[in-house]
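Colleague: Pasting a predicted model and its sequence here:
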Amino acid sequence: MSEQITTILKKKLEDLTTYGGLDAETRRNALKEELQYYVLNFICHHTEYKSWIMYGGSALRIIHGLDRMSVDLDFEISHAVTEEFLEELKKEIEKHFLNTYGAGTDFMTAKITTGRGLLLKFHVGEELSFGHSSKQVHVKIDLNHFVASETVTERRPINRDQLSFVIITYNMSALMASKLAAIFLRGTRGVDKAVYQEKGRDIYDLLWYMDKKVVPDFDYLTAKGIDAKDPRALFDKLTLQMNKVSDKNLEQDLEPLFVNKTF
């Protein structure tokens, strides 16, 4: 058990009491966000992994102040995500948490998600009693082998409590393009026996970009295999897909991602 990290998580739960009686899933997501910083601190100080390009909702949340929580850490990397590579990553992150925070397998275990990354399971339920049926808080590292050679990247310094590191990410235009790509390329998914084409969080994030008048990086979309020669046709297609999203899907997907429920 890591006393240092547990103390931070307990303080987070205390801070959440100002929002009233939050449901267990929202509290669990808030703890997940705190743990993300410890995972990022490992990645961004590693000689090899620090070159990974962070994107997705967590990049928006941590770097640009998106007002919803994000559950996964998404990166695009320059080589194939092999089983051998993931085994080495698993060993290194387990060693890091043990040596740096005294966090053995009683506190954190890592599981390989084939071809995608790692699922880190933090066994904090008994100690924290945050009300969820699961006694674990999961942080997922999702890796995608993709190189967008024409896309601009940025280095962003992050400071959080005692942690300080630099994240490499895409510029805002490419981040928006990556969100569009996620919408166009994502398949259907099942939620309570219903099947939805999109995630509500994708729509929310896209509206966030539009509110900031961000123009997507069309070179990035082309590199993803999406026809971006005619922006008007692209956005017409996007509008059709957005209109398919039900209010129920939006609410189900977004509700646990806000501690302030006035969204």
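Modeller: Perfect, I can see it now. Numbering: from 1, shown residues only.
Colleague: Show me which residues of stretch 57-75 are buried.
Modeller: For stretch 57-75, a neighbour-count test (16 or more other C-beta atoms under 10 Å) marks 57-63, 66, 68-75 as buried. For glycine as for every other residue, the C-beta is placed from the backbone atoms N, C-alpha and C.
Colleague: Which parts of the chain are strands?
Modeller: Here the chain has its strands, by DSSP state E, at 53-55, 72-77, 108-113, 117-122, 137-145, 153-160, 163-170, 189-191, 194-196.
Colleague: possible to save those strands as CSV with distance to Gly225?
Modeller: Formatted as CSV, the strands of the chain follow (distance: least, C-beta to C-beta, whole Å):
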stretch, distance to Gly225
strand 53-55, 17
strand 72-77, 15
strand 108-113, 24
strand 117-122, 22
strand 137-145, 13
strand 153-160, 21
strand 163-170, 17
strand 189-191, 21
strand 194-196, 23
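Colleague: Any idea how many residues pack against the nearest residue to Leu22 once chain neighbours are set aside?
Modeller: If the residues on either side of it in the chain are set aside, Leu22 comes closest to Leu16, at 5.8 Å by C-beta to C-beta, 6 or more residues apart in numbering. For Leu16, the neighbour count with other C-beta atoms under 10 Å is 17.
Colleague: hang on, the earlier thing: which of the buried residues of stretch 57-75 sits closest to Leu185?
Modeller: Asp74 (13.7 Å; C-beta to C-beta).
Colleague: Could you tell me which ranges of the stretch 51-200 of the chain sit under the pLDDT cut-off?
Modeller: 130-133, 187-198 (pLDDT under 70).
Colleague: What is the burial count for His145?
Modeller: With other C-beta under 10 Å as criterion, His145 counts 12.
Colleague: Spit out the contact partners of it.
Modeller: Shown in contact with His145 (C-beta atoms under 8 Å, 6 or more residues apart in numbering): 76-81.
Colleague: I'd like a version of those residues in CSV, one that adds neighbour count and distance to Gln36 as further columns.
Modeller: Formatted as CSV, the contacts of His145 follow (neighbours: other C-beta atoms under 10 Å; distance: C-beta to C-beta, whole Å):
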residue, neighbour count, distance to Gln36
Glu76, 21, 17
Ile77, 18, 18
Ser78, 10, 22
His79, 10, 23
Ala80, 10, 25
Val81, 18, 20
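Colleague: Spell out which residues make up each domain of this structure.
Modeller: Segmentation of the chain into domains, based on automatic domain parsing, reads 1-170, 171-263.
Colleague: Pull the distance from the first one to the chain's centre.
Modeller: Averaging C-alpha positions (C-alpha atoms, centre = their mean, to the nearest Å) puts domain 1-170 8 Å from its chain's average.
Colleague: Now do Ala110 against Gly104, distance only.
Modeller: 12 Å (C-beta to C-beta, to the nearest Å).
Colleague: What values do phi and psi take at Ser149?
Modeller: Note on Ser149: its backbone torsions stand at phi -60, psi -30 [degrees, to the nearest 10].
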